[in-house]
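Asker: need a 3D model of the sequence below.
(one chain, ligands or ions: 1)
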Amino acid sequence: MKIEIIKADITEIKVDAIVNAANTSLLGGGGVDGAIHRKGGKAILDECIQIRNKKGGCKVGEAVITTAGNLPSQFVIHTVGPVWNGDKEEKKNLLKACYQNSLELAVENKIKTIAIPSISTGIYKFPKDKAAEIAIKTVNDFDKISEIEKVVLVCFDDESFQIYTSLLEKNYKK
Ligand code: AR6
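Answerer: The predicted structure is shown next:
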């Protein structure tokens, strides 16, 4: 498995699946969620509504999968990151669960290439450095990672890109 870090708009990446930083309603919102629903179109929202009707949305730390509609990828994995407040250790564990559960769904769906944004670091205010550490470590430690060919960690701003690349080089490319 290869971990790549890029600075990009995740809606433009052609991989088997992209991950969405959604909210528990699964009905869309701002940030990356807004961009995915805008570009992906109604097919994504329709499937999200079906999932809501069946299981009442998605809990923090969990993940669900839908079509990617008009996006270049085949699937969108929607995960709900924690808001950075209250019990910080609990929030770190929930962020870790977002990555684990997204990768688990990817393996179940035979997804070989997956792009993941920096979950919770926008509207949900998770500190970028702590989130990047969790992202890289959780992907690297995932027990079924050999079943995935490539994980692209997608940064949207220069600061996140610097944090991610230096962490990966320092800790995982010796
Ligand atoms: N491509 C890649 N990354 C992006 C893009 C994009 N097009 N747009 C933003 N980011 P956020 P959260 C980065 O706020 O913090 C929504 O309203 C952004 O710079 O999208 O998990 C949901 O419905 C940041 O680093 O998600 C929820 O209510 C990262 O994506 C809430 O926001 C995550 O920022 C979720 O908040």
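Asker: tell me where the model's unsure across this protein.
Answerer: Across the chain, residues meeting the criterion (pLDDT under 70) sit at 173-174.
Asker: list, one by one, the residues from the chain near the ligand.
Answerer: 9-11, 21-23, 29-33, 35, 81, 117-124, 154, 156-157, 160 (Cβ under 6 Å from any ligand atom). In this view, the C-beta of every residue, glycine as well, is placed from N, C-alpha and C.
Asker: name only those of those that count as buried.
Answerer: For those, a burial check counting by 16 or more other Cβ atoms under 10 Å picks out 10-11, 21-23, 29, 31-33, 35, 81, 117-122, 124, 154, 156, 160.
Asker: just the ones of those residues in helices?
Answerer: Among those, DSSP state H puts 31, 32, 33, 35, 160 in helices.
Asker: just to check, the second one is in contact with residue 122?
Answerer: When you say that, I think you mean residue 32. Yes. In this structure residue 32 lies within contact range of residue 122 using Cβ atoms under 8 Å: 7.1 Å.
Asker: overlap in contacts, those two.
Answerer: Residues touching both residue 32 and residue 122 (Cβ atoms under 8 Å, 6 or more residues apart in numbering) are residue 21.
Asker: CA atoms only: put the longest helix along the chain into PDB for me.
Answerer: For the chain, the longest helix by residue count, based on DSSP H, is helix 88-108. Extracted C-alpha coordinates of helix 88-108, given in PDB (Å, rounded to 0.1, in the frame of the first residue of the first chain):
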ATOM      1  CA  LYS A  88     -10.400  15.700  23.800                       C
ATOM      2  CA  GLU A  89      -9.200  12.100  24.200                       C
ATOM      3  CA  GLU A  90     -12.700  10.800  23.300                       C
ATOM      4  CA  LYS A  91     -12.600  13.100  20.200                       C
ATOM      5  CA  LYS A  92      -9.200  11.700  19.100                       C
ATOM      6  CA  ASN A  93     -10.600   8.200  19.400                       C
ATOM      7  CA  LEU A  94     -13.600   9.100  17.400                       C
ATOM      8  CA  LEU A  95     -11.500  10.700  14.600                       C
ATOM      9  CA  LYS A  96      -9.400   7.500  14.500                       C
ATOM     10  CA  ALA A  97     -12.600   5.500  14.200                       C
ATOM     11  CA  CYS A  98     -13.600   7.600  11.200                       C
ATOM     12  CA  TYR A  99     -10.500   6.500   9.300                       C
ATOM     13  CA  GLN A 100     -10.700   2.900  10.500                       C
ATOM     14  CA  ASN A 101     -14.400   2.600   9.600                       C
ATOM     15  CA  SER A 102     -13.900   4.300   6.200                       C
ATOM     16  CA  LEU A 103     -11.100   1.900   5.300                       C
ATOM     17  CA  GLU A 104     -13.100  -1.100   6.600                       C
ATOM     18  CA  LEU A 105     -16.000  -0.100   4.200                       C
ATOM     19  CA  ALA A 106     -13.500   0.300   1.400                       C
ATOM     20  CA  VAL A 107     -12.100  -3.200   1.900                       C
ATOM     21  CA  GLU A 108     -15.700  -4.600   2.100                       C
END
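Asker: please consider this matter closed, and thank you.
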